[in-house]
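**Student:** sequence isn't available, so here's the structure alone:
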């Protein structure tokens, strides 16, 4: 039987996954730190800069150079997107830049951006630093030169701690939990004695394989699923010319993105008011974001067309050797043909064939949705910590109240969905 990855209910459920923490644990004790891979530069050789606005618009070449050396690529830390988030959303955004000065020219070795304001679903209206710095961002990891992870993070936390204009509590909504960057953060927090708390941990699909598309999908999907998809593809092709298009040219990406916005709004996301067009701020930011990334060659749109009309679309963002399947939409009137899964087959093969891509982050809330068919998984966590060294009574109280609120909400949802409540 073909798994139903295209139904509105399944995708709607996926949006709720991040709102219901899977596992609660009070610390990072179970995440084993790994030793640094290389000698670290002296802290005295590092300079930290707090940047925003115009300054970020001048960092494109520095950003591209850093991506080539980064331990973890993150499309949502692109300086252009950070600047745009500050323009289209009310929360103030900022970026910590770390420069290495023990070279003929200063070299960017770290970038971490935050929104300053109330945390998502926070128990109290307390201003904190939140990453990623914009809505519809799905990875909080800083982008740091792989050869100086520990000291760059130490310099960043020291700057946050000392800067009177910055909150001291940091909320990482979607932190990659299985990276060397996170291992370095654990070491630095432990060395500083800074308190931390993990509020949720989960897995999301990831594509990372040396196989070609056909071989990969043969292993990822059952024979019955593949047969069913072949039938769907033939039946859909009987209705007209069925063709995959991959749009990469900047102006074409901008125009095709308007088609995506309309397709998304016409479906269940539009009805639930979660489509990008449902809020002017989201739509305006998304348009500016795609335009900026397309200019850099970092936004591609994969479309399955029926007689030149899109029936399924996937937005893919690029950052260094990583790709991010950011947003997807499909024609619900053709849901019986599984257009989302048909497009997944096509772009999975295309991404695996791209020599410039090492892995693909699904940006999924959990293991529901189209990309659950991928066999690899990335570990993600929601992590809070206090950047100041030593014990923090304020953090202890706030994190306890936040955990209590999440537990109460989880209990309330369980009661609401209980069969006994709806028994007549």
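**Tutor:** Right, received. Where do you want to start? Remember, predicted model here, so these are calculated numbers, not experimental data.
**Student:** I figured residue 343 hits residue 314, correct?
**Tutor:** Yes. Residue 343 is within contact range of residue 314, at 6.0 Å (criterion: C-beta atoms under 8 Å). Using the backbone N, CA and C atoms, a C-beta is placed for each residue, glycine as well.
**Student:** need the residues touching each of the two.
**Tutor:** 302-303, 328 (C-beta atoms under 8 Å, 6 or more residues apart in numbering).
**Student:** and the helices in the stretch 1-150 of the chain?
**Tutor:** 8-17, 54-57, 60-67, 79-88, 149-162 (DSSP state H, counting those that start in this stretch).
**Student:** quick one: closest of these to residue 243.
**Tutor:** Nearest to residue 243 among these is helix 8-17 (24.5 Å), distances taken as C-beta to C-beta.
**Student:** for residue 90, which non-adjacent residue is spatially closest?
**Tutor:** Spatial nearest neighbour of residue 90, excluding adjacent residues (C-beta to C-beta, 6 or more residues apart in numbering): residue 117 at 7.8 Å.
**Student:** neighbours around the one you found, how many?
**Tutor:** Neighbour count of residue 117, defined by other C-beta atoms under 10 Å: 19.
**Student:** what of residue 145?
**Tutor:** Neighbour number of residue 145 under other C-beta under 10 Å is 21.
**Student:** on that earlier part again, who does the residue nearest to residue 90 form a beta bridge with?
**Tutor:** residue 128 (DSSP bridges).
**Student:** so it touches residue 127, yeah?
**Tutor:** Yes. Applying C-beta under 8 Å as the test, residue 117 and residue 127 come out as touching, 5.9 Å apart.
**Student:** tell me if I'm right that residue 181 and residue 150 touch.
**Tutor:** No. The criterion here is C-beta under 8 Å, and residue 181 misses it with residue 150 at 10.1 Å.
**Student:** got any ranges where the chain has weak pLDDT?
**Tutor:** 1-41, 120-124, 409-410, 412-424 (pLDDT under 70).
**Student:** show me it divided up by domain.
**Tutor:** Here the domain assignment for the chain is 13-204+379-416, 209-357, based on automatic domain parsing.
**Student:** so which of these gets nearest residue 364?
**Tutor:** domain 13-204+379-416 (4.5 Å).
**Student:** in helices, which of the shared contacts of residue 343 and residue 314 appear?
**Tutor:** If you go by DSSP state H, the shared contacts of residue 343 and residue 314 have nothing in helices.
**Student:** and the residues you listed, which is closest to residue 132?
**Tutor:** Residue 132 has its nearest neighbour among the shared contacts of residue 343 and residue 314 in residue 328, at 18.9 Å by C-beta to C-beta.
**Student:** so how far is residue 42 from that closest one?
**Tutor:** 46 Å (C-beta to C-beta, to the nearest Å).
**Student:** roughly how far does the residue nearest to residue 90 sit from residue 173?
**Tutor:** Taking C-beta to C-beta, one finds residue 117 at 13 Å from residue 173.
**Student:** from what I can see residue 178 touches residue 379, true?
**Tutor:** Yes. Judged on C-beta under 8 Å, residue 178 makes contact with residue 379 at a distance of 4.2 Å.
**Student:** the strands in the stretch 1-150 of the chain, which residues?
**Tutor:** Counting by DSSP state E, counting those that start in this stretch, residue ranges of the strands within the stretch 1-150 of the chain are 46-51, 92-100, 107-118, 127-131, 143-144.
**Student:** tell me which residues in the first one are buried?
**Tutor:** Of the residues in strand 46-51, those buried under the neighbour-count criterion (16 or more other C-beta atoms under 10 Å) are 46, 48, 51.
**Student:** closest to residue 246 among those residues?
**Tutor:** Nearest to residue 246 among the buried residues of strand 46-51: residue 51, at 34.1 Å, using C-beta to C-beta.
**Student:** what residues are up against the closest one?
**Tutor:** For residue 51, counting by C-beta under 8 Å, 6+ apart, the contacting residues are 59, 94-97.
**Student:** again, 7 Å this time
**Tutor:** By C-beta atoms under 7 Å, 6 or more residues apart in numbering, the contact set of residue 51 is 95, 97.
**Student:** if we can go back for a sec, quick one: the residue nearest to residue 90 and residue 126 touch, right?
**Tutor:** No. With contact defined as C-beta atoms under 7 Å, residue 117 does not count as touching residue 126 (9.6 Å).
**Student:** between the buried residues of strand 46-51, which is nearest residue 361?
**Tutor:** Closest to residue 361 out of the buried residues of strand 46-51 is residue 51 (25.1 Å), distances taken as C-beta to C-beta.
**Student:** show me what the closest one is bridged to.
**Tutor:** Where residue 51 sits in a bridge, its partners, by DSSP bridges, are residue 95.
**Student:** state the distance from it to residue 96.
**Tutor:** Per C-beta to C-beta, residue 51 is found 8 Å from residue 96.
**Student:** what sits against the most centrally placed residue in the chain?
**Tutor:** Nearest to the centroid of the C-alpha atoms of the chain, with distances taken as C-alpha atoms, centre = their mean, sits residue 138, at 2.0 Å. By C-beta under 7 Å, 6+ apart, residue 138 lies in contact with 76, 174, 363.
**Student:** give me that answer again for 6 Å
**Tutor:** 174, 363 (C-beta atoms under 6 Å, 6 or more residues apart in numbering).
**Student:** can you list phi and psi of it for me?
**Tutor:** Main-chain torsions, residue 138, degrees, to the nearest 10: phi -130, psi 20.
**Student:** can you tell me the closest non-neighbouring residue to residue 373?
**Tutor:** Of all residues not flanking residue 373 in the chain, residue 220 sits nearest, at 5.2 Å (C-beta to C-beta, 6+ apart).
**Student:** check which helix or strand the residue nearest to residue 354 when sequence neighbours are not counted maps to.
**Tutor:** Sequence neighbours aside, residue 323 is the residue nearest to residue 354 in space, at 7.7 Å (criterion: C-beta to C-beta, 6+ apart). Using DSSP states H and E, residue 323 maps to strand 322-330.
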